[in-house]
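Sequence below, structure please.
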Amino acid sequence: MAMKVYGPAASTNVACVLVCLEEVGAEYEVVPVDMTTGKHKSPAHVACNPFGQVPAFQDGDLILFESRAISKYILRKGGSDLLRDSNLSESAMVDVWLEVESGHFTGAMSPIIFECFVVPNFLRGQTNNEIVQENLVKLKASLEVYEARLSKSKYLAGDFVSLADISHFPAAYYLLSGSHASVLDAYPHAKGWIAEVMNRPSVKKVSELMKMASA
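From the prediction side, this is the model:
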């Protein structure tokens, strides 16, 4: 039975789950949830994700929510080494940079994505440029740290690609698609690392799904 992911592929959290499914070659079905009409707050969806957010995930009788927890489940079930579970210190570094991604990179990008993509394209509203600029400052501060790290290490957690790298792709997809992509020019190591992540077959596949879902 195919695993089910509930939510729009254009969502960064949904895309993070989808790329893990692609990495392990799992069969899955994306079940659309129209957030513009509040379907994510419906009783049926809240039964799967009690916070009324996306994604929700189903594998047989197992129901999960929270994208990073779902991603780890998928990678472990699929036997992927992207978590480096066989090495305690390496897996700890993966966890560290997953926290950095969530709190700093995607944390800064989420308001930018909302203001630059969601507000004008789905809510038919006006972008709040003050919010965008505030978060660009936060993003640049984060990229300073990334640049220092990636000048010494091929990938974030070490000299091996991991979920800590791949989990950046959904927010990076929107950064590269928008008018602020040039922010990366000041951080050549980070820019090259993002380019490599975006070139993975799994990322290319999910990027197409995101593009179609946003059309």
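
residue at max distance from the center of this protein?
residue 43 (25.8 Å; CA atoms, centre = their mean).

Show me what counts as buried in the longest helix along the chain.
With DSSP state H setting the assignment, residue counts place helix 129-150 as the longest helix in the chain. Neighbour counts over helix 129-150 (16 or more other CB atoms under 10 Å) mark 132, 135, 136, 138, 139, 142, 143, 146, 147, 149, 150 as buried. The C-beta positions use only the backbone N, C-alpha and C, and glycine is treated the same way.

Check the residues you listed against residue 15 and report the nearest one.
Of all those, the one with the least separation from residue 15 (CB to CB) is residue 139, at 18.6 Å.

shouldn't the closest one be in contact with residue 105?
Yes - Residue 139 is within contact range of residue 105, at 7.3 Å (criterion: CB atoms under 8 Å).

Need the residues touching each of the two.
Shared contacts of residue 139 and residue 105, defined by CB atoms under 8 Å, 6 or more residues apart in numbering, are absent.

The helix or strand of the chain with the lowest mean pLDDT: which residues count as buried?
Within the chain, no helix or strand scores below helix 119-121, which has a mean of 92 by mean pLDDT, DSSP states H and E. Neighbour-count burial for helix 119-121, counted by 16+ other CB under 10 Å, picks out residue 119.

Kindly report the same for stretch 109-126.
Residues of stretch 109-126 classed as buried: 109, 110, 111, 112, 113, 114, 115, 116, 117, 118, 119 (neighbour count, 16+ other CB under 10 Å).

and it, how far apart are its ends?
Distance across stretch 109-126, first residue to last, is 18 Å (CA to CA, to the nearest Å).

and the nearest residue to residue 125 once chain neighbours are set aside, what does it touch?
Leaving aside its chain neighbours, residue 125 sits nearest to residue 119 (4.5 Å; criterion: CB to CB, 6 or more residues apart in numbering). Listed by CB under 8 Å, 6+ apart, the contact set of residue 119 reads 125, 126, 127, 128.

rewinding a little: I'd like to know which elements the helix or strand that the longest helix of the chain is followed by is packed against.
Downstream of helix 129-150, the next assigned helix or strand under DSSP states H and E is helix 163-166. Under the contact criterion of 3 or more CB pairs under 8 Å, 6 or more residues apart in numbering; DSSP states H and E, helix 163-166 touches helix 12-24, helix 67-77, helix 88-100, helix 188-198.

out of those helices, which comes closest to residue 176?
Nearest to residue 176, of all those, is helix 188-198, at 7.1 Å by CB to CB.

That closest one: which residues count as buried?
189, 190, 191, 193, 194, 197.

hang on, the earlier thing: now the contacts of residue 119 in TSV, with secondary structure?
Shown next, in TSV, are the contacts of residue 119 (DSSP: H, G, I helix; E, B strand; the rest coil):
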residue	secondary structure
125	coil
126	coil
127	coil
128	coil
